[in-house]
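Trainee: Output the structure for:
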Amino acid sequence: MANLELKNVHKSYGAVEVLKDINLSIRDGEFVVFVGPSGCGKSTLLRMIAGLEDITSGELRIDGALSNKLTPKQRNIAMVFQSYALYPQMTVAENMGFSLSLEKTPKAEISRKVMAAAEALKLEPLLERKPGQLSGGQRQRVAIGRAIVRSPRLFLLDEPLSNLDAALRSETRVEISELHQRLATTMIYVTHDQVEAMTMADRIVVLNGGRIEQVGSPMELYNNPASEFVASFIGSPKMNLISGGAARAFGAETVGIRPEHMIINVDDPTWQAKVTLVERLGHNTIVYARVPEIGLFTVSLDGQHDFDLGATVGLAPRVDRIHRFDAAGAPIGR
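Mentor: Numbers count the residues shown, from 1 in each chain. Got it, this is the predicted structure:
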């Protein structure tokens, strides 16, 4: 396990600055998720922590020791990528133990570590199979097992579930969370999927344009976003954002209202809207309704509800749950 600290870290490729003034402390045993849109720098930051990318300026400290110049092996870091990168001619057990065999680890110790990792990942029945005989989810578990056997101080996972279908993503997400609880090891996980971030993280680091926008627990970010960007990025369905005259009526340049904080079919509505789509999901209902000259609103309702397409409905926000932002995207009234 390890503490990690980044101080004033920058990354440039020539004149192109990719990461700017990154300051972040990650505690021993913490599960931290880097999230943000494509191109925000989250994978580059992970690779800098791993030692696969040089740091242009600033400090990377692992357990207090300056580690900028250390190789990945010297940092004792294990990384799981989007690609499984398994050797097709090797069995599951051989793939998991390969890095240890390269280090001339005794066979008995390799076998013990492989069996322990296989037990943690429910891979025992598959140890003699080859990758071509496995599902995508099983292959990803083998890749994670290959990292576990090295007993690293830090686990780094770069979008490891992106190749899986929705059902397997959900299942493997749970398995990784359970694994973290059992191992109590520091894990840093990169994803563009904010649902993964919200369900797995102790803390989330939101990146945008090479900078950290906010760091906090999932609910801190959800309830108290530090910027309009964080407010719009965190949450599913996405927050409703309105600007112009409609926002200025609430004393802001931009107003955000989460779909579950919208009220529909009220007696004294703020806006009249026309229903354009209804998603009936069983446990809840998502209604999309368009307000003339303002735009499309999303309303999330618990349970099952029926609305006719094209019907006119009255909408109103819960005034106590409105988020207000100024022209620079900073929150008003926090």
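Trainee: Mind pulling up the pLDDT for the most centrally placed residue in the chain?
Mentor: Most central in the chain under CA atoms, centre = their mean is A197, positioned 3.2 Å from the mean C-alpha point. At A197, the pLDDT value in this model is 92.
Trainee: can you check M1 too?
Mentor: 64.
Trainee: Mind listing residues that contact stretch 273-281?
Mentor: For stretch 273-281, contacts defined as CB atoms under 8 Å, 6 or more residues apart in numbering pick out 285-291, 296-297, 304-315. Every C-beta, even on glycine, is put in place using the N, C-alpha and C of the backbone.
Trainee: out of the residues you listed, which are inside strands?
Mentor: If you go by DSSP state E, these have 285-291, 296-297, 312-315 in strands.
Trainee: Could I get the average pLDDT for stretch 213-233?
Mentor: The average pLDDT for stretch 213-233 rounds to 96.
Trainee: roughly how far out does that stretch sit from the chain middle?
Mentor: Taking CA atoms, centre = their mean, to the nearest Å, the mean C-alpha location of stretch 213-233 is offset from the chain mean by 13 Å.
Trainee: and if you look at stretch 173-181?
Mentor: Relative to its chain's centre, stretch 173-181 lies at 14 Å (CA atoms, centre = their mean).
Trainee: Just the buried residues of it, please?
Mentor: Residues of stretch 173-181 classed as buried: 173, 175-176, 179-180 (neighbour count, 16 or more other CB atoms under 10 Å).
Trainee: how close does the residue nearest to the centre of the chain sit to S236?
Mentor: Distance of A197 to S236, computed by CB to CB, to the nearest Å: 11 Å.
Trainee: What of V299?
Mentor: Counting by CB to CB, the gap from V299 to S236 is 14 Å.
Trainee: The two: who's more crowded?
Mentor: Taking other CB atoms under 10 Å, V299 and S236 do not tie; V299 has more neighbours (26 against 11).
Trainee: and the host helix or strand of that one, what does it pack onto?
Mentor: For V299, the host element (DSSP states H and E) is strand 295-302. Under the contact criterion of 3 or more CB pairs under 8 Å, 6 or more residues apart in numbering; DSSP states H and E, strand 295-302 touches strand 240-243, strand 262-264, strand 271-280, strand 284-291.
Trainee: try 10 Å this time
Mentor: Applying 3 or more CB pairs under 10 Å, 6 or more residues apart in numbering; DSSP states H and E, we find strand 295-302 packed against strand 240-243, strand 254-257, strand 262-264, strand 271-280, strand 284-291, strand 312-317.
Trainee: Could you give the number of residues near I294?
Mentor: By the criterion of other CB under 10 Å, I294 has 17 neighbours.
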